[in-house]
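In: Show me the folded form of this:
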Amino acid sequence: MSGAGANGFAVHRPAERTSALVTGAGSGIGRAVARALHARGESVILSGRRAAALAETLPEGGRVAHAVADVADRASFGTALAGATARLGPVGRAVLSAALNTPGHFLDQPAEEFDAMVAANFTGVANCLRAILPGMIENRHGRVAVIGTLADMNPLPGAVGYSATKGALHPLVRGVAGEIDRTRCPDVLLNEMNPGPVRGNMAGFGRRPEDVVPEVLALLDLPSGGVSGGFFQYGRRIYPGESWKRTIKRKLLRLVQA
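Out: Okay, the predicted model is just below:
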């Protein structure tokens, strides 16, 4: 199956029935994306820790299933996801937006609070990837958008835990994407994006969650053979931490290959 995506490219989808998974769907970006996917006719699995919050996003039934679980708990998340996919079909696309931010200076903050951020922001994403990528690789189709940040580039006092745990996603996403056989599975794409400041539970300023939705959908609608392991910000690919020498080399290679 194919059609026009949010970015104007062709969208390739498998013929079999699949679902879209959204973690952190009880608020913020996750809630906005889940509603947008549902509005365009997709079957959506909402994942989050609070059943009431998921019901406020979209009530369960029809093309909506709830997977009430903490992504940091691999066993319970796997069980909840299995129940949802049994009804709506395997996950063909996913937006991993679940995250935790507990402000506090590192030496003053209880170790348990820091550990909770590691579990939610890093381990939780790893758990999700382990749960959904094998099926995508078997079906040779899948799109995953991980909601990241560039806060790790310049961590602010009181936000070290969030910055460090979210920054650890960069090598995870690039590394896992690099391990997917592009020759056999050119249609399984895993990318990370930075939405910038977004108003919600973690910040009282920035863009509305709904303003981020088109950028997320563009990653879910990438064509077969598209970018995988990339980092996107405000709708375009960027290269965080890249040296000026590497930038020049990359641009020269692009000119030569054009």
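
In: what about the most centrally placed residue in the chain, which SS state?
Out: Geometric centre of the chain, nearest residue: residue 146, 2.3 Å, by CA atoms, centre = their mean. Classification of residue 146 using DSSP: H, G, I helix; E, B strand; the rest coil returns strand.

In: where's it relative to residue 186, distance?
Out: 20 Å (CB to CB, to the nearest Å). Just so you know, the C-beta spots here come from the backbone N, C-alpha and C atoms, and that holds for glycine as well.

In: swap in residue 168?
Out: Using CB to CB, residue 168 is found at 27 Å from residue 186.

In: got a pLDDT number for the closest residue to residue 147 other than its chain neighbours?
Out: Counting by CB to CB, 6 or more residues apart in numbering, residue 147 lies nearest to residue 97, which is 4.1 Å off, once chain neighbours are set aside. Residue 97 is assigned a predicted lDDT (pLDDT) of 97.

In: what sits against residue 97?
Out: Counting by CB atoms under 8 Å, 6 or more residues apart in numbering, residue 97 touches 22-25, 28-30, 33, 147.

In: cool, and residue 57?
Out: 25-27, 30-31, 34-35, 46.

In: Could you turn the buried ones of these into a ChimeraX selection?
Out: This is the ChimeraX syntax for the buried subset of the contacts of residue 57, where burial follows 16 or more other CB atoms under 10 Å:
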select :25,26,27,30,31,34,35,46
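
In: which one among the contacts of residue 57 gets closest to residue 215?
Out: Of all those, residue 30 has the smallest distance to residue 215: 14.1 Å, by CB to CB.

In: Need the pLDDT of the closest one.
Out: 97.

In: so where's the stretch 101-250 of the chain shaky on pLDDT?
Out: By pLDDT under 70, the weakly predicted segments of the stretch 101-250 of the chain are 201-204, 242-250.

In: in which helix or strand would I find residue 237?
Out: strand 236-238 (DSSP states H and E).

In: Please identify the pairing partners of that strand and their relative orientation?
Out: Sheet pairing for strand 236-238, assigned by DSSP bridges, gives strand 231-233 (antiparallel).

In: How about residues contacting the partner strand?
Out: Contacts of strand 231-233 (CB under 8 Å, 6+ apart): 148, 150, 170, 173, 191-194, 196, 215, 219, 237-240.

In: do the same with stretch 127-142
Out: Contacts to stretch 127-142, defined as CB under 8 Å, 6+ apart, come from residues 12-14, 16, 18, 21, 23, 71-74, 77-78, 81, 90-94, 96, 144, 172, 176, 180, 184-185, 187-190.

In: Please list only the buried members of those.
Out: 12-14, 18, 21, 23, 71-74, 77-78, 81, 90-94, 96, 144, 172, 176, 180, 185, 187-190.

In: Stretch 94-112: which residues count as buried?
Out: 94-102, 104, 109.

In: Show me which of the residues you listed is closest to residue 126.
Out: residue 96 (10.0 Å).

In: Need the phi and psi values for residue 160.
Out: Phi and psi for residue 160, reported as degrees, to the nearest 10, are phi -60, psi -40.

In: Next up, the contacts around it.
Out: 105-106.

In: coming back round to it: now, the buried ones among the contacts of stretch 127-142 that are in helices?
Out: 74, 77-78, 81, 172, 176 (DSSP state H).

In: Closest one to residue 53 out of the residues you listed, please.
Out: For these, the residue nearest residue 53 by CB to CB is residue 77; the value is 16.1 Å.

In: got a list of what the closest one touches?
Out: 47, 67, 69-71, 127-128, 131 are the contacts of residue 77 under CB under 8 Å, 6+ apart.

In: What does the closest residue to it other than its chain neighbours show for phi and psi?
Out: Nearest non-adjacent residue to residue 77, counting by CB to CB, 6+ apart: residue 69, 4.3 Å away. Phi and psi for residue 69, reported as degrees, to the nearest 10, are phi -170, psi 160.

In: Good, we can wrap up now.
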